[in-house]
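**Q** With the sequence up front, the predicted model follows.
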Amino acid sequence: MEHVRWLARPTLRRPMMIAAFTGWNDAADAASNSVRHLVEAWGASALAEIDPEEFTDFATVRPHVRLDAQRNRTIVWPTVGLWSASTPGGDVILVLGPEPALRWRRFTEQIVGVAKEYDVSMVLTLGALLADVPHTRPVQVIGTATEHDIIDRFDLQRSRYEGPTGIVGVLQHACSTADLPSASLWAAVPAYASQVPSPKASLALVERACDILGSPGPVARLRAEAAEYDAKVSAFVADDGDLIGYVSRLESMADSGELDDDFDDDDELDDEVDGLDDEAVDPDELMAELEQFLRDQDGDS
């Protein structure tokens, strides 16, 4: 753990570790915003941080300049942070930061080292992916694990995914190699709203994670934000005839059970929006229109 800088050394009793990373495994910022929300809602205390120097491409994930009250400049580095909190369901370590660009095996050694240091009961990673799902229906969340007792205890599935993976997949493998119990939760985000942060998906992840933890979920704020998200995306869809038909078909398929709800971790939706009536729709143009619509709505409010 040579790259872990400890900020505190609290006494924790077999905590669960919940981790999310911005980047490839974080469609619509759903996973990272879930952990961010838990840090704030639980009043978590800073536990440690991982030195970004060894693991970050600063040309891709850039540091930020901040000015204090005296106008003095400071540099805020993109650091993976760890926090601790006590909940009715037990102690928790929360991990949040950018997906590292370099030395993933060494990076996961740092996370596993902290987990071993505190005798973590289970490592739970959160992710979000793009899928053919409508925003008007409950968010689909799938949980995967490799150990039979965890699969049975928490009603999870065994992952069958093969293909490119992100840091979440590598961390899960590192936990398995280190004999650390682990599981992963993934939320499905509508592909046609992929660039818009989804508090609805974050809500679903938080509720499922807290269910596994055995603690009431602090979800009041997320529920309000999810309702606002639904209203804004619905208003945008109502202004586009092609999208109306597309979303309507997704709703019918979801209600009839035709949609494939067996999506797996790291699964990615093709960047083509197919099945739209009449003329083809440019996905990039669609995303730009949606982003502009939501910015206009925020400005009006």
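**A** Arrived safely.
**Q** going forward, measure contacts and count neighbours with C-alpha atoms only.
**A** Will do.
**Q** mind listing the strands in the stretch 151-300 of the chain by residue range?
**A** For the stretch 151-300 of the chain, applying DSSP state E, counting those that start in this stretch gives strands covering 157-158, 182-190.
**Q** Make sure I have this right: Leu130 is in a helix.
**A** No. Using DSSP: H, G, I helix; E, B strand; the rest coil, the assignment for Leu130 is strand, not a helix.
**Q** what's the burial count for it?
**A** Using other Cα atoms under 10 Å, Leu130 is surrounded by 24 other residues.
**Q** shouldn't it be in contact with Val196?
**A** No. Contact criterion Cα atoms under 8 Å: Leu130 and Val196 do not qualify, at 11.8 Å.
**Q** circling back: by mean pLDDT, show me the worst of the strands of the stretch 151-300 of the chain.
**A** With a mean of 92, strand 157-158 has the lowest mean pLDDT of the strands of the stretch 151-300 of the chain.
**Q** Name every strand pairing with that strand and say which way it goes.
**A** strand 141-145 (parallel) (DSSP bridges).
**Q** Look up how far Val76 lies from the most far-flung residue of the chain relative to its centre.
**A** Distance from the C-alpha centroid of the chain, by Cα atoms, centre = their mean, peaks at Gln70 (35.9 Å). Distance, Gln70 to Val76, by Cα to Cα, to the nearest Å: 17 Å.
**Q** remind me which residues of the stretch 151-300 of the chain are low pLDDT?
**A** 260-300 (pLDDT under 70).
**Q** hey, where'd the helices end up in it?
**A** Applying DSSP state H, counting those that start in this stretch to the stretch 151-300 of the chain gives helices spanning 167-177, 199-213, 220-238, 241-256, 283-300.
**Q** got the buried residues for the first one?
**A** Pointing back at helix 167-177 there. Judged by neighbour count (16 or more other Cα atoms under 10 Å), helix 167-177 contains these buried residues: 167-169, 171-176.
**Q** so how far is it from its chain's centroid?
**A** 16 Å (Cα atoms, centre = their mean, to the nearest Å).
**Q** going forward can the numbers begin at 48, since that is how I track them
**A** Sure, I'll start counting at 48 from here, so that last one is helix 214-224.
**Q** Val188: which of the helices of the stretch 198-347 of the chain is closest?
**A** helix 246-260 (7.0 Å; Cα to Cα).
**Q** tell me what that closest one is packed against?
**A** helix 77-88, strand 169-178, strand 229-237, helix 267-285 (3 or more Cα pairs under 8 Å, 6 or more residues apart in numbering; DSSP states H and E).
**Q** 7 Å - rerun?
**A** With contacts taken as 3 or more Cα pairs under 7 Å, 6 or more residues apart in numbering; DSSP states H and E, helix 246-260 sits against helix 77-88, strand 229-237, helix 267-285.
**Q** How about that helix, which residues are buried there?
**A** So, applying 16+ other Cα under 10 Å, buried residues of helix 246-260: 246-257, 260.
**Q** Please apply the same query to stretch 158-175.
**A** The neighbour-count check on stretch 158-175 (16+ other Cα under 10 Å) flags 158-162, 165, 167-175 as buried.
**Q** ditto for stretch 54-62
**A** Applying 16+ other Cα under 10 Å to stretch 54-62 flags 59, 61-62 as buried.
**Q** Can I get those residues in JSON lines including pLDDT, distance to Asp98 and secondary structure?
**A** Output for these, formatted as JSON lines (pLDDT from 0 to 100; distance: Cα to Cα, whole Å; DSSP: H, G, I helix; E, B strand; the rest coil):
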{"residue": "Leu59", "pLDDT": "97", "distance to Asp98": "23", "secondary structure": "coil"}
{"residue": "Arg61", "pLDDT": "97", "distance to Asp98": "25", "secondary structure": "coil"}
{"residue": "Pro62", "pLDDT": "98", "distance to Asp98": "23", "secondary structure": "coil"}
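**Q** Could you single out the nearest of these to Asp73?
**A** Pro62 (24.0 Å).
**Q** check contacts around the closest one.
**A** Pro62 makes contact with 137-140, 167-168, according to Cα atoms under 7 Å, 6 or more residues apart in numbering.
**Q** swap the cut-off to 10 Å and go again
**A** 131-133, 136-141, 162, 165-170, 260 (Cα atoms under 10 Å, 6 or more residues apart in numbering).
**Q** Could you give the separation between the terminal residues of stretch 111-128?
**A** Stretch 111-128 has an end-to-end distance of 16 Å (criterion: Cα to Cα).
**Q** re the thing from before, what's the most buried one of the helices and strands packed on helix 246-260?
**A** strand 229-237 (a mean of 26; mean count of other Cα atoms under 10 Å).
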